[in-house]
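> quick one, fold the following:
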Amino acid sequence: ESWVQAHVEEVKYSYAYANKADEHEDDPSVSQRSSAPPKFRDLPFAILFLLHLGVVSFIALACGTFDGLFTDMDVQDTSDPDVTTQTRDWVTGVMYMVVPAIIVSFLVCHFITGTFVLKYPTQAVTVSLYSSIWSNVAFMFIICFTFPSFWLVLLTSICTLWSIWFVFAVRRFIPFAAAILKLAVAGITVNWGMYMVSLVTAAISCAWYILWVYVANGIGFFQDVEALSDEDRGKGDIYYNNGVKYYTSYYVGDGKVLTVVLMLLSLYWTSVVIMNVTQTTVAGVIGTFAFEKSSASSCCSMALTQSIIRSCTYSFGSICFGSLLNAIMITLRVLLDWSRQRARDRDNNGAALLYCILQCIVSILGDLLEYFNQWAYIFVGIYGTTYLQSGQRVLELFKARGCTSIISNGLASYVLGTVVMVVGLICGILGWIVIYTTSFMNMNLWVAFWAWFIMGAIIASVMMNAVQGAIKAIVVCYFDHPGKMYQSHPQETRALADAIELLFPQVTVFAFSDNAFTV
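As a prediction, the model looks like this:
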């Protein structure tokens with residue numbers, strides 16, 4: 001049976017088991033679970049986030065501006081016809097470069113994952129893992145020839161030997177990673193509308209960064225110390241370096257400390273919320289694909305649309321809650337790093353050491369929180385529980401199944417990184433060919449190559465983030481209810497069970513009978 005349904009009382013409207021009522025009409029408890037109305041989870045945090053966005057929008061309308069951001073750049077007379085023509089040609093050139101690069105990147109990435117990775121997952125994991133050795137060796141030689149030094153050679157050699165040892169130590173995980181990767185890629189390939197959702201949320205993130213800069217500049221966040229009045233300059237921090245008097249790069253005194261903290265928190269909170277909406281949406285779609293394949297078998301399936309709606313409504317508070325904790329940790333890291341640098345500039349080594357220690361502690365806590373969150377959001381997306389309950393229950397699930405050491409393994413990320421590089425190279429070569437054959441705007445061939453390469457790598461990275469979320473969702477779904485998953489994906493689930501048995505023979509929670517998968 002499902003571990004979640006057996007142990008989590010709050011899962012009364014579990015999205016992955018929406019059809020359970022039809023299968024158990026005679027069981028009123030199951031029917032009641034499936035038909036219970038959904039609830040808004042962690043609602044106060046959703047309200048707080050929306051109020052925060054309202055305040056930011058009000059400030060943007062009241063005093064937002066881009067004036068002064070480009071004072072060091074040469075300002076051309078836009079009334080000059082030649083300047084206008086050059087600007088129009090530049091914009092046209094960018095559009096002719098960016099739009100085709102985005103389309104080609106999407107098609108190439110979708111083709112590689114949906115064809116080669118889906119059909120040959122074991123070979124993809126193996127090649128990606130072993131190729132990391134050669135890339136590390138090549139990097140070592142480049143570093144050693146560029147900066148010849150005994151200690152540098154020793155350090156790079158140790159790092160290279162460690163990477164070789166790591167590859168041979170984890171190669172036994174290849175079947176497990178391949179089985180998980182195949183199911184995840186299959187789910188995303190069938191529901192390839194998730195790629196479009198990822199790209200849209202990435203564009204929203206870019207728009208948010210622009211809006212944040214617009215607001216921050218309007219309230220003087222980027223105001224340089226030279227532009228401050230003499231009175232404000234006197235209040236700023238002063239330090240000496242080799243007998244020369246300096247002022248801090250930014251004036252952060254009195255009430256501005258609070259402004260800086262709130263602006264940084266706003267920046268990171270919103271960007272993390274946007275990213276996690278994508279992750280929970282992916283989890284919801286893959287949860288349906290794992291348990292009810294027929295309900296998630298098209299580009300814009302009902303599973304996709306319903307998952308988007310849940311992430312932006314009922315589960316939005318949970319997303320905002322976890323993202324706020326993440327944003328607080330990131331803001332603390334930035335502030336501590338800034339304080340440490342300022343202490344070093346003022347030759348206050350004691351304070352710099354203290355800030356460094358605090359920064360290490362915050363970094364460790366932040367990494368632990370991020371690891372906790374990545375599984376909590378998967379649980380939120382699949383089952384709709386609250387943020388705190390999701391994080392607690394998903395760890396209990398892994399512990400109950402006896403497979404806690406598996407979830408720390410991430411060999412599939414090697415494949416995703418390789419796909420990003422391959423897509424970038426293919427797009428770069430295509431950009432080079434296009435400019436070589438058309439001589440468009442007399443653009444330099446290597447400029448075209450790197451422009452298309454960067455654009456292809458960015459688009460592929462966004463798409464592979466969706467696959468990464470799908471991998472985690474498959475893991476959670478399998479550990480929750482392998483029998484239900486076996487009904488929709490018998491061959492893939494059998495391969496995954498065999499891989500786990502090969503890794504951990506002592507784990508007997510999952511076992512096959514002659515005709516069915518039992519727990």
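> low pLDDT regions in this protein?
Judged by pLDDT under 70, the chain has its weakly predicted residues at 1-37, 70-96, 222-256, 403-409, 440-441, 505-519.
> how near is residue 180 to residue 471?
Between residue 180 and residue 471 the distance, using C-beta to C-beta, to the nearest Å, works out to 6 Å. (Each C-beta comes from the backbone N, C-alpha and C, glycine too.)
> now the common contact residues for those two.
Counting by C-beta atoms under 8 Å, 6 or more residues apart in numbering, the residues touching both residue 180 and residue 471 are residue 412.
> roughly how far apart are the closest residue to residue 332 other than its chain neighbours and residue 339?
For residue 332, the nearest residue in space outside its immediate sequence neighbours is residue 362; the separation is 4.9 Å by C-beta to C-beta, 6 or more residues apart in numbering. Applying C-beta to C-beta, one obtains 12 Å for the distance of residue 362 from residue 339.
> rewinding a little: what's the helix or strand for the residue nearest to residue 332?
Applying DSSP states H and E as the criterion places residue 362 in helix 349-383.
> got the buried residues for that helix?
The neighbour-count check on helix 349-383 (16 or more other C-beta atoms under 10 Å) flags 352, 355-356, 358-359, 362, 366, 369, 372-383 as buried.
> also stretch 498-505?
Neighbour counts over stretch 498-505 (16+ other C-beta under 10 Å) mark 499-500, 503 as buried.
> next one: stretch 312-319
Buried positions in stretch 312-319, judged by neighbour count with 16+ other C-beta under 10 Å: 314-319.
> need those residues in CSV (columns: distance to residue 269 and secondary structure).
Converted to CSV, the buried residues of stretch 312-319 look like this (distance: C-beta to C-beta, whole Å; DSSP: H, G, I helix; E, B strand; the rest coil):
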residue, distance to residue 269, secondary structure
314, 20, coil
315, 17, coil
316, 13, helix
317, 13, helix
318, 14, helix
319, 11, helix
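> now for those, which pair is the farthest apart?
The largest separation in the buried residues of stretch 312-319, counting by C-beta to C-beta, is between 314 and 319 at 10.4 Å.
> leaving out chain neighbours, which residue sits closest to residue 211?
The shortest distance from residue 211 to any residue that is not its chain neighbour, by C-beta to C-beta, 6+ apart, is 6.2 Å, and that residue is residue 60.
> now the one you found: how far from residue 263?
Relative to residue 263, residue 60 is positioned 12 Å away (C-beta to C-beta).
> and those two? Which one has more around it.
Neighbour totals were compared for residue 60 and residue 263, and residue 263 leads with 19 against 16 (other C-beta atoms under 10 Å).
> OK, contacts around that one?
In this structure, residue 263 makes contact with 212, 215-216, 219, 221, judged by C-beta under 8 Å, 6+ apart.
> following the helix holding residue 362, which helix or strand shows up next?
Following the chain from helix 349-383 toward its C-terminal end, the next helix or strand by DSSP H and E is helix 387-401.
> please enumerate the strands of the stretch 101-250 of the chain.
Under the criterion DSSP state E, counting those that start in this stretch, the stretch 101-250 of the chain contains strands at 238-241, 244-247.
> what distance do you get for residue 56 to residue 439?
45 Å.
> oh, that last question was meant for residue 161, not what I typed.
Plainly put, residue 161 is 48 Å away from residue 439 if you go by C-beta to C-beta.
> and residue 261, by the same measure?
Distance of residue 261 to residue 439, given as C-beta to C-beta: 52 Å.
> which one's more surrounded, the two?
residue 261 (15 against 10).
> and the more buried one, that's in a strand?
No - looking at residue 261 with DSSP: H, G, I helix; E, B strand; the rest coil, it is helix, so not inside a strand.
> that one against residue 332, yeah?
No - the pair residue 261 / residue 332 is not scored as a contact, 9.5 Å apart, by C-beta atoms under 8 Å.
> so residue 297: helix, strand or coil?
Residue 297, by the three-state scheme (three-state DSSP), is coil.
> next up, the contacts around the closest residue to it other than its chain neighbours.
Residue nearest to residue 297 in three dimensions, not counting chain neighbours: residue 190, with 5.4 Å by C-beta to C-beta, 6+ apart. Taking C-beta under 8 Å, 6+ apart, we find residue 190 in contact with 289, 296-298.
> biggest separation within those residues, which pair?
Of all pairs drawn from these, the greatest distance, 10.9 Å, lies between 289 and 298 (C-beta to C-beta).
> what residues are shared contacts of these two?
A shared contact of residue 289 and residue 298, defined by C-beta under 8 Å, 6+ apart, is any residue touching both; here these are 190-191.
> what about these two, which has more around it?
Applying other C-beta under 10 Å to residue 289 and residue 298 shows that residue 289 carries more neighbours, namely 31 against 13.
> that one belongs to a helix, doesn't it?
Yes - secondary structure assignment places residue 289 in a helix (three-state DSSP).
> so what's it up against?
Under the criterion of C-beta under 8 Å, 6+ apart, the neighbours of residue 289 are 186-187, 190-191, 296-297, 303, 488.
> so the residue nearest to residue 105 when sequence neighbours are not counted, which of the three states?
Distance criterion C-beta to C-beta, 6+ apart; nearest residue to residue 105, sequence neighbours excluded, is residue 459 at 3.7 Å. Following three-state DSSP, residue 459 is assigned to helix.
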